[in-house]
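Enquirer: Pasting a predicted model and its sequence here:
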Amino acid sequence: MAKVFDIVIFGASGFTGKYVVKEALKFLNPNSPLKSLALAGRDSCKLYETLKWASSTSKPNLPLLVADTSDPFSLRRMASQAKLVLNCVGPYRLHGDPVVAACVETGCDYLDICGEPEFMERMEAVYHEKAIETGSLVVSACGFDSIPAEFGLMFNTMQWASPAAPNRVEAYVSLESDKNIVGNFATYKSAVLGVANVDKLAMLRRSTRRRRARPLIPGNAPLPTGFDIEHQKKIGLWAVKLPSADPSIIRRTLSIFTENPSGLQGVNEDPKQATKRAVYWSKIKPAHFGVKIATKHYLGIFRMITIGRIIGQLSSSHFGQWLLLNFPYIFSLGAFRKSGPTEEEVASASFKMWFVGHGFSDAKDVSREPDREIITRVTGPEIGYVATPIILMQCALTVLKQRGDLPKGGVYPPGIVFGPTELQNRLQENGVTFDVISKGDISK
Ligand SMILES: NC(=O)c1ccc[n+]([C@@H]2O[C@H](COP(=O)([O-])OP(=O)(O)OC[C@H]3O[C@@H](n4cnc5c(N)ncnc54)[C@H](OP(=O)(O)O)[C@@H]3O)[C@@H](O)[C@H]2O)c1
């Protein structure tokens, strides 16, 4: 089948999918890399309702494709008509595998907004070789998970002019709104199932364990583990460790570029692009990385710890999972609702992600404690339904416009694929901004 659509948005009728459609329509025009778009899902009436909601015209007209994750033929039909599928059907651990399989089989590129490490690592283990063969580029986590973290870390480490180098960068995510901040049920369900199946991730890592290269990080001061509450005075926030997907994705990115310091040449990349990639990587200075959720008020941290404890405790039994999944609003202490946030709640929210980097003013002398601090920040609108669609669309436009600059195929984390592209500038132009806040000595 001919590739008739630049992009197909799969799961377009979902809570996030409909915001992705709205964002995509802004870029659908003959002068843009996005010239043809189709929506896909299991119910064409819902898709049409989505299109009406997202579009400014009263009789919008876009092709609607019916596809269901339980019907592999429908997925292959969808993927074989598309250059790029944006998969918004989650939880990915339940629905993602057959969609990736169809894209890899038909040589179609694939992006999603997954934040589930087990799914992402499994897809890499199962489909990477085949994706190289068929020329399908598969990139998960092209949303708030994990582009702000990956690009925020890279942005911070690039500020360390030699001989200075970072040892550790900690990210502090602060969600802000004058209304209640609420997430949709599918994100909560993904988190509950992730915690409930944490042993599967450990098993997967054991079964696929090949020694991944460890990046060379100056000094010997890895991040503290555990869930201690921290008062980060520099940015005026209370914080506690957030068990997010970001650190595991960043570890994959750092080890891939440690293994391939001269680009992905020899794997699946043309030599010119490999050289460009190697030049970009040479500017990045690997560091230990962790993420914390942060708020201005001490009590806010208690709420987050309590939510984490409730999910942690209850998800280990079937009855506990049943309670969590049937009464999300109660057990998430109001953080998630089955019906998702209202449009007003979405519009009122924003995020700030601070990157506090500690390192050495001279990386050749690491016998002392880190003596230098660089703080950078990524800011943007509401994380799930505004920032995520913006980020996903900018990744998609980068794929369409710069396809020749990207690996020919394979399953990669976003930093590997999009690091050396124009993505960060694109994000900056679309409301996700990167700033240097301060550079100086660490005060004793
Ligand atoms: N990275 C991030 O920061 C971020 C942000 C937002 C969301 N997400 C993730 O995105 C995913 C979707 O979230 P959401 O809130 O949009 O969920 P949602 O509202 O439940 O939407 C799910 C979509 O999947 C479709 N679907 C379900 N089962 C299907 C099947 N068997 N075949 C085909 N389509 C099927 C649904 O179709 P119907 O409309 O027909 O029911 C719907 O369109 C979740 O995994 C969430 O964690 C990530």
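Expert: Arrived safely.
Enquirer: what's the burial count for the residue of the chain found nearest the ligand?
Expert: Closest residue of the chain to the ligand, Cβ to the nearest ligand atom: Gly90 (1.8 Å). All C-beta spots, glycine's among them, are computed from the backbone N, C-alpha and C. Neighbourhood size, Gly90 [other Cβ atoms under 10 Å]: 24.
Enquirer: do Asn220 as well
Expert: For Asn220, using other Cβ under 10 Å, the count is 8.
Enquirer: quick one, what contacts it?
Expert: Asn220 makes contact with Val366 under the criterion Cβ atoms under 8 Å, 6 or more residues apart in numbering.
Enquirer: Can I take it that it is in a helix?
Expert: No: Asn220 is assigned coil when assessed by DSSP: H, G, I helix; E, B strand; the rest coil, not a helix.
Enquirer: in the stretch 101-250 of the chain, which spans are helices?
Expert: Under the criterion DSSP state H, counting those that start in this stretch, helices of the stretch 101-250 of the chain are mapped to 117-134, 147-158, 185-196, 198-207, 246-259.
Enquirer: just the angle between the last one and helix 117-134, please?
Expert: Compare the direction of helix 246-259 with that of helix 117-134 by axes from the mean of the first three to the mean of the last three Cα atoms, to 10 degrees and you get 40 degrees.
Enquirer: For the residue of the chain closest to the ligand, give me its contacts.
Expert: Listed by Cβ under 8 Å, 6+ apart, the contact set of Gly90 reads Gly11, Gly14, Gly96, Asp112, Ile113, Cys114, Glu116, Ala186, Thr187, Ser190.
Enquirer: Now do the same for it: its pLDDT.
Expert: Note on Gly90: pLDDT of 93.
Enquirer: On the three-state scheme, it is what?
Expert: Applying three-state DSSP: Gly90 is coil.
Enquirer: so where's the stretch 1-150 of the chain shaky on pLDDT?
Expert: Counting by pLDDT under 70, the low-confidence segments of the stretch 1-150 of the chain come to 1.
Enquirer: Show me which residues of it are close to the ligand?
Expert: 11, 13-17, 41-43, 46, 68-70, 88-92, 95, 113, 115, 143-145 (Cβ under 6 Å from any ligand atom).
Enquirer: Which of those residues are buried? Put it as a ChimeraX command.
Expert: Selection of buried members from those for ChimeraX, criterion 16 or more other Cβ atoms under 10 Å:
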select :11,13,14,15,16,17,41,42,46,68,69,88,89,90,91,92,95,113,115,143,144,145
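Enquirer: Where does the prediction get shaky in the stretch 251-400 of the chain?
Expert: Those would be 266, if you go by pLDDT under 70 across the stretch 251-400 of the chain.
Enquirer: can you give me the strands for it?
Expert: Counting by DSSP state E, counting those that start in this stretch, the stretch 251-400 of the chain has strands at residues 288-295, 336-337, 350-360, 372-381.
Enquirer: which residues sit against stretch 133-140?
Expert: By Cβ under 8 Å, 6+ apart, the list of residues contacting stretch 133-140 reads 92, 100, 103-112, 114, 119-120, 123, 127, 131, 395, 399, 406-414, 417-418.
Enquirer: what's the answer for stretch 19-34, then?
Expert: 6-7, 9, 12, 35, 37, 39, 50-51, 53-56, 86, 88, 346, 385-386, 388-390, 392-393, 396-397, 400-401.
Enquirer: how much space is there between the residue of the chain closest to the ligand and Gly115?
Expert: As judged by Cβ to Cβ, to the nearest Å, Gly90 and Gly115 stand 9 Å apart.
Enquirer: With Pro247 instead?
Expert: 12 Å.
Enquirer: sorry, back to before: can you lay out the helices of the stretch 101-250 of the chain as CSV showing mean neighbour count?
Expert: As requested, the helices of the stretch 101-250 of the chain are arranged in CSV below (neighbours: other Cβ atoms under 10 Å):
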stretch, mean neighbour count
helix 117-134, 20
helix 147-158, 24
helix 185-196, 21
helix 198-207, 13
helix 246-259, 21
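Enquirer: do you know which of those lies nearest Glu373?
Expert: Comparing the helices of the stretch 101-250 of the chain by their distance to Glu373 (Cβ to Cβ), the top pick is helix 147-158, with 10.6 Å.
Enquirer: count of residues packed around the closest residue in space to Leu406 that isn't next to it in sequence?
Expert: Leaving aside its sequence neighbours, Leu406 sits nearest to Val417 (Cβ to Cβ, 6 or more residues apart in numbering; 5.6 Å). Look at Val417: counted by other Cβ under 10 Å, it has 26 neighbours.
Enquirer: How about the contacts made by Val417?
Expert: Residues near Val417 by Cβ under 8 Å, 6+ apart: Leu137, Val139, Leu406, Pro407.
Enquirer: of the residues you listed, buried ones?
Expert: Buried, going by 16+ other Cβ under 10 Å: Leu137, Val139, Leu406, Pro407, out of the contacts of Val417.
Enquirer: Tell me, domain by domain, which residues of the protein belong where.
Expert: 5-143+388-418, 147-383+432-441 (automatic domain parsing).
Enquirer: and these, which is most packed in?
Expert: domain 5-143+388-418 (a mean of 21; mean count of other Cβ atoms under 10 Å).
Enquirer: so how far is that one from its chain's centroid?
Expert: Relative to the centre of its chain, domain 5-143+388-418 is centred 14 Å away, using Cα atoms, centre = their mean, to the nearest Å.
Enquirer: gap between the two ends of that domain?
Expert: End-to-end distance of domain 5-143+388-418 (Cα to Cα, to the nearest Å): 22 Å.
Enquirer: Use 525 as the first number for this chain going forward.
Expert: Noted, 525 is the first residue going forward, which turns the last one into domain 529-667+912-942.
Enquirer: The helices of the stretch 625-774 of the chain into TSV, with extra columns for distance to Ser806?
Expert: Listed next are those as TSV, based on distance: least, Cβ to Cβ, whole Å:
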stretch	distance to Ser806
helix 641-658	24
helix 671-682	11
helix 709-720	35
helix 722-731	29
helix 770-783	10
